[in-house]
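Peer 1: sequence first, predicted model second:
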Amino acid sequence: YVIRSVTKPRKFPPGPKWYPFFGCSSLVASMTKKHGSQWKGLSTLAKEYSTEVLGLKLGNEIVVVVYGEKNIRQAFTGKEFEGRPDSFFVKLRCLGKRIGITFADGPLWREHRNFTVKQLRNIGFGKTAMGNDIQCVLANIIDYIGRNNDKPINPTSIMPTAVMNVIWKYVAGEQINEERLAFLLDLLRARSKAFAMAGGWLNQAPWCRYLFPELSGYSLLRRMNQQISEIIEEAIRKHKIRAVEEQDFIYSFLQEVEGNKTSFTEEQLKVICLDLLIAGSQTTSNVLEFAFLAVLRNGSLQEKLYNEISQVLGDDVPCWADSHRLVYVSAFLLEVQRFYTIVPLAGPRRLLEDTVIDGYLIPKESTVLISVGDVHFDPKIWDDPDDFKPERFIDESGALKNSEHMYPFGLGRRRCPGDSLAKSFIFIVFVGILQKYRLECSNGVLPSPEPVIGLISAPRPYTAEFKPRI
Ligand code: HEM
């Protein structure tokens, strides 16, 4: 067993040596610590081995990280990459079973992803109605800033709540009470932090939960799962007694439950709701927070943004259709999503069959991670990738270019189903705020450009002053 566990499969990609039981986990952990994130640590390792496919073993799990545009496109779109890992840890993320959308695969994933996308569209997701909802949220944000602009404002105190309000409306119909919303957001934030911290141990040695339930983070995660379940269960209960007026995703799903469709269970409904809330809220708000940070750090670009907005829109409230007319703003937001890639390591995916990537043979059941962050900084694609330059997305005729090399939402059949909400939300709120306010650094202090990178990337906390445009 020991010899087999340290022997690499035939034609396996380059990577560090494997040791019994742990594979190369300790090296990966030390690289993560040294470079500040798993993405950067692995990227440094791939460079050391001069490879675009890095082969690792973490505990018992074979993990392969793919780099380079050709390889990431293969991993995003290949049918054999459509699985999700089946580990104890993943089940813990899905409240106990590998169901829902994000971590399910096979027929359950296909059926429920299609159902969810279709039903969300039926109730207005991705359509003009959603734009109107975002405009209402923008009005509340402008109002909040207006009441508080005599002091520095931390965008984190506004953006996540605003995004969650829109997602919650599509999922559960009604406006969620502010206090409940703040509680839910705190819980989701604490939960993702706890998952990041417990990840190593609980993923590689799940049995440690029996010996050290508190120390391993297991008990805390279970308590948090319980609290989140209760919030979603309460929303489902309200729908069952028809105490919610508007049509929403929970009503659509409950109709299928009543029709006794086998895979349509309340458990599945709960986990899909959780998937949408988790995948949508922090990702979208982080992009906006990075966008305002980029405005502060690149002061000279703010007037260019403002001039375009005021020339094209005047005082009109922005809508998604305006993105074609606001070329510089669109280029700026693309550059934000390149420079501060929110999901630098996409996946994880589980290989459904033996597969060749870049000439290497990767065994079935391996976990695949997709390094979007490195493609977004690849000097073969981007000139001066370490500079923040919105102009790279504008061609000589003044039209947008190069967006085909951008992968913030992934690609293929597992591509982010929430991209229409995210893109409209980011555009409308960014333009709406810059139209009314000029941003200034609090006390002249520039916010740090260095992100904190866990499962997703987030800016370090900062505040800004919002000066009204007269
Ligand atoms: C800027 C914001 C967002 C970013 C950067 C983002 C990014 C991504 C990426 C890269 C994936 C693909 C993972 C893979 O290929 O394995 C993904 C999947 C997913 N996203 Fe998003 N996302 C964002 C917003 C949203 C929103 C607003 C929602 C829903 C309300 C959402 C729901 C989901 C779900 C459910 C999945 C799983 C899809 C599947 O496995 O089939 N995301 N997202």
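Peer 2: It's in.

Peer 1: part of a strand, is K11?
Peer 2: No. Counting by DSSP: H, G, I helix; E, B strand; the rest coil, K11 is located in no strand; its state is coil.

Peer 1: what sits closest to it if chain neighbours are left out?
Peer 2: L361 (3.9 Å; Cβ to Cβ, 6 or more residues apart in numbering). C-beta here means a position set from N, CA and C on the backbone, and glycine is covered the same way.

Peer 1: relative to V90, how far out is the one you found?
Peer 2: 25 Å (Cβ to Cβ, to the nearest Å).

Peer 1: likewise E391?
Peer 2: 42 Å.

Peer 1: the two: who's more crowded?
Peer 2: Between E391 and V90, V90 has the larger neighbour count (other Cβ atoms under 10 Å), namely 18 against 11.

Peer 1: tell me which element the more buried one is part of?
Peer 2: Using DSSP states H and E, V90 maps to helix 88-93.

Peer 1: helix or strand next in line after that helix, which one?
Peer 2: helix 106-122.

Peer 1: buried set for that next one?
Peer 2: 109, 111-113, 115-116, 119-120 (16 or more other Cβ atoms under 10 Å).

Peer 1: and which of these is nearest the ligand?
Peer 2: R113 (4.9 Å; Cβ to the nearest ligand atom).

Peer 1: what sits closest to the closest one if chain neighbours are left out?
Peer 2: I101 (5.1 Å).

Peer 1: what about the strands in the stretch 201-350 of the chain?
Peer 2: Per DSSP state E, counting those that start in this stretch, the stretch 201-350 of the chain carries strands over the ranges 345-350.

Peer 1: flag every residue of it that's near the ligand.
Peer 2: Within the stretch 201-350 of the chain, the positions lying close to the ligand (Cβ under 6 Å from any ligand atom) are 275-276, 279-280, 283-284, 287, 342-343, 346-347, 349.

Peer 1: whichever of these end up buried, select them in PyMOL.
Peer 2: In PyMOL, a selection of the buried entries from these looks like this (16+ other Cβ under 10 Å):
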select buried, resi 275+276+279+280+283+284+287+342+343+346+347+349
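
Peer 1: any idea of the mean pLDDT in stretch 228-243?
Peer 2: Averaged across stretch 228-243, pLDDT comes to 90.

Peer 1: what's that stretch in contact with?
Peer 2: Under the criterion Cβ atoms under 8 Å, 6 or more residues apart in numbering, residues 95, 171-173, 180, 183-184, 187-188, 191, 244, 248, 250-251, 254, 266, 269-270, 273-274 lie in contact with stretch 228-243.

Peer 1: how about stretch 315-329?
Peer 2: Contacts for stretch 315-329 (Cβ under 8 Å, 6+ apart): 128, 131, 135, 138, 304-305, 308-309, 312-313, 330, 390, 394, 398-400, 423-424, 427-428, 430-432, 435.

Peer 1: filter those residues to the buried ones?
Peer 2: By neighbour count, with 16+ other Cβ under 10 Å, the contacts of stretch 315-329 hold 131, 135, 138, 305, 308-309, 312-313, 330, 390, 394, 423-424, 427-428, 430-432, 435 as buried.

Peer 1: for the ligand, give me its nearest residue in this structure.
Peer 2: Counting by Cβ to the nearest ligand atom, the chain gets nearest to the ligand through G418 (2.0 Å).

Peer 1: sorry, back to before: tell me which of the contacts of stretch 315-329 fall in helices.
Peer 2: The helices in this structure, assigned by DSSP state H, contain 128, 131, 135, 138, 304-305, 308-309, 312-313, 330, 423-424, 427-428, 430-432, 435 from these.

Peer 1: about what we covered before: which of the buried residues of helix 106-122 come close to the ligand?
Peer 2: Within the buried residues of helix 106-122, those near the ligand by Cβ under 6 Å from any ligand atom are R113.
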